[in-house]
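1. only geometry, no sequence info:
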Ligand code: GLC
């Protein structure tokens, strides 16, 4: 069995997890203080988003020094202590490597600006005049993907914020620098790495305008990406660690190559297609109710095709870039608990390694901010301006942010109903959601029927039943609107997972054999009578075991 098939990863956004020193910003000692909580969940790996030295323009995804800890988060001693304390509890630390770009505050970029040719070759500079960017490519955070530097008479590429300059992976010196970073952290004893937008690292040989889109088709899963990943993994000896690549707008064909063990690239991939099912016309900033049938088709396709070609998915609903899943696909009201449990079931029993994002396990909801001042995220603030400039009223733009802003996933972790959700004794850098008065860890720990306890059950089941980690997947009842159904099988063992994705009751007919299977789990607590005609209640997940 591959070492990561039965693992569960918990993602921490340190800035919002727990503030130990009371300055309003979560920190590494805060993570250490909560290790017992994480251990009690049963998770194996803790993915920490970047805590390296950074101007924090994109909350640490703008790295100015890959091997130093940003003092806001703590010290190197804190990281070492965290790695040790986690290991003592049977958990490993997974670090987030942002290798597509550095902050423009990084020494390499500063030396490039100062005219050092060696460092200019670390980035993607193009000669030009101030009025004509080298291409019409659009930054993922809005606006042109190029910035002009008058003193140099050159443009540099930034697929994200203007302070996130893309690295030139075609330069072997850059690849060597990045390998040293991996070796540095590997020596510290980390157990895994997550690679940020890693399928964007290989740019085309020629840069040309995109007459059909924003440029992504030229650099997504680019010409040398697989060779560069193989080289990085081989030369740093991380093939035995758990590695996951964040793949932006990728394809199954490429994810098979990234994650099939024979290719010696990564353990698994994140893709985001299943989370774009409520983007009108594919545009994140245009709202639309979720297309549940499309969601099912995407999950089915990615699951079965990755399986057929021995690829491996990271399965997830939430992360620090996504709105909360209960608000998005579930129900924030009477069915909050039940829908959160149903959505957890859907993800955890798929074929792949599940990721739990902080707060998901207690059913945290979106932020419900009502003014632009409450938002901190650079992408949200940019798009608010872009939406208003392109004709939306401020109220309309705010409604879009309320559904789509990345800050929805970044509000402070709700530990208790104490002031600031028990996250900090100071003023939090981002306001907690008002829901903290009722939705918090203390309440969830005390309630045996909580979402938290259901997550613990799902995680424990993965350890107990090899069919979850290793079984084959086959979809069931695709033609029934609103039903996400699938079988998992391994030898004589089998599960049938039935998720009602809707707020209505759903009639499902079962084959005679399955009516004799046992109920393993039910998101409503009590299971319905099992017969050939089955009625699933709103947002009910039912798992039958052979
Ligand atoms: C990834 C990160 C996101 C960041 C971006 C640029 O998508 O998850 O938070 O803004 O990369 O580094």
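-> Cool, the structure landed. Worth saying up front: this structure is predicted, and the values here are computed from it rather than measured. Residues are numbered from 1 along each chain as shown.

2. Tell me which residue in this protein sits closest to the ligand.
-> For the chain, the residue closest to the ligand is residue 61, as judged by C-beta to the nearest ligand atom, at 3.4 Å. C-beta here means a position set from N, CA and C on the backbone, and glycine is covered the same way.

3. what residues does the stretch 51-200 of the chain put near the ligand?
-> Neighbours of the ligand within the stretch 51-200 of the chain, by C-beta under 6 Å from any ligand atom: 58, 61, 98, 160, 196, 197.

4. one more time with 5 Å
-> 58, 61, 160, 196, 197 (C-beta under 5 Å from any ligand atom).

5. what residue lies at the spatial centre of this protein?
-> Centroid-nearest residue in the chain: residue 319, 3.8 Å away (criterion: C-alpha atoms, centre = their mean).

6. Spell out which helix or strand contains that residue, please.
-> Remark: residue 319 resides in no helix or strand, with elements defined by DSSP states H and E.

7. Quick check: it touching residue 11?
-> Yes. Counting by C-beta atoms under 8 Å, residue 319 does reach residue 11; the two are 6.0 Å apart.

8. who touches both of the two?
-> Common contacts of residue 319 and residue 11 (C-beta atoms under 8 Å, 6 or more residues apart in numbering): 355, 357.

9. Would you mind naming the residues that bridge with the residue nearest to residue 255 when sequence neighbours are not counted?
-> Of all residues not flanking residue 255 in the chain, residue 269 sits nearest, at 4.4 Å (C-beta to C-beta, 6 or more residues apart in numbering). With DSSP bridges applied, the residues forming beta bridges to residue 269 are residue 245, residue 313.

10. show me what contacts residue 495?
-> 349, 465, 467-468, 471, 487-489, 520, 543-546.

11. List phi and psi for it.
-> In terms of degrees, to the nearest 10, the main-chain angles of residue 495 are phi -130, psi 150.

12. And residue 6, by the same measure?
-> Torsion angles, degrees, to the nearest 10, at residue 6: phi -100, psi 10.

13. what's the pLDDT at the closest residue to it other than its chain neighbours?
-> In this structure, residue 6 finds its nearest non-sequential neighbour in residue 469, 3.9 Å apart by C-beta to C-beta, 6+ apart. Note on residue 469: pLDDT of 98.

14. is it fair to say residue 469 lies in a strand?
-> No. Per DSSP: H, G, I helix; E, B strand; the rest coil, residue 469 lies outside any strand segment and is helix.

15. and it, how many neighbours?
-> 20 (other C-beta atoms under 10 Å).

16. gap between it and residue 344?
-> Computed as C-beta to C-beta, to the nearest Å, the residue 469 to residue 344 distance reads 16 Å.

17. can you list the residues of the chain near the ligand?
-> Contact residues (C-beta under 5 Å from any ligand atom) of the chain with the ligand: 58, 61, 160, 196, 197, 321.

18. Specify the local secondary structure of residue 202.
-> Going by three-state DSSP: residue 202 is coil.

19. Apart from its chain neighbours, what residue comes closest to residue 72?
-> Residue 72 sits nearest to residue 25 (C-beta to C-beta, 6+ apart), 5.4 Å away.

20. In terms of helices and strands, where is that neighbour?
-> Residue-wise, residue 25 maps onto no helix or strand under DSSP H and E.

21. Going forward, the N-terminal residue is numbered 775.
-> That works, and once the first residue is 775, the last one we named lands at residue 799.

22. Does the residue nearest to residue 1029 touch residue 1031 like I think?
-> No. In this structure, residue 1043 is not within contact of residue 1031 by C-beta under 8 Å, at 9.7 Å.

23. Comparing the two, which residue is more hemmed in?
-> Shown here are residue 1043 and residue 1031; by other C-beta under 10 Å, residue 1043 has more neighbours (29 against 21).

24. And residue 775, what's its pLDDT?
-> For residue 775, the pLDDT comes out at 49.

25. if we can go back for a sec, okay, and which of the residues of the stretch 825-974 of the chain next to the ligand map to strands?
-> For those, not one is inside strands, with DSSP state E as the criterion.

26. Just send those residues back as JSON lines, with neighbour count, pLDDT and distance to residue 1130 too.
-> Putting those into JSON lines (neighbours: other C-beta atoms under 10 Å; pLDDT from 0 to 100; distance: C-beta to C-beta, whole Å) gives the following:
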{"residue": "832", "neighbour count": "22", "pLDDT": "97", "distance to residue 1130": "23"}
{"residue": "835", "neighbour count": "24", "pLDDT": "98", "distance to residue 1130": "21"}
{"residue": "934", "neighbour count": "24", "pLDDT": "98", "distance to residue 1130": "26"}
{"residue": "970", "neighbour count": "21", "pLDDT": "98", "distance to residue 1130": "19"}
{"residue": "971", "neighbour count": "20", "pLDDT": "98", "distance to residue 1130": "21"}
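
27. Residue 1173: which of those residues is nearest?
-> Nearest to residue 1173, judged by C-beta to C-beta, of these is residue 832 at 24.1 Å.

28. Residue 1293 reaches residue 1316, doesn't it?
-> Yes. Residue 1293 lies in contact with residue 1316 (C-beta under 8 Å); the separation is 6.9 Å.

29. what about these two, which has more around it?
-> Neighbours of residue 1293 and residue 1316, each counted by other C-beta under 10 Å, are more numerous for residue 1316; the result is 25 against 13.

30. What is the neighbour count of residue 1025?
-> Using other C-beta under 10 Å, residue 1025 has 14 neighbouring residues.

31. meant to ask about residue 1014, not that
-> Neighbourhood size, residue 1014 [other C-beta under 10 Å]: 10.

32. check contacts around it.
-> Residue 1014 neighbours (C-beta under 8 Å, 6+ apart): residue 777.

33. May I ask which helix or strand encompasses it?
-> Here residue 1014 is assigned to no helix or strand, by DSSP H and E.

34. Got phi/psi on it?
-> According to degrees, to the nearest 10, residue 1014 has phi -90, psi -10.

35. how far away is it from residue 1134?
-> 28 Å.

36. so who does the residue nearest to residue 969 when sequence neighbours are not counted touch?
-> Leaving aside its sequence neighbours, residue 969 sits nearest to residue 1019 (C-beta to C-beta, 6+ apart; 4.7 Å). The contact partners of residue 1019, by C-beta under 8 Å, 6+ apart, come to 968, 969, 972, 973, 1003, 1032, 1039, 1040, 1042, 1043, 1044.
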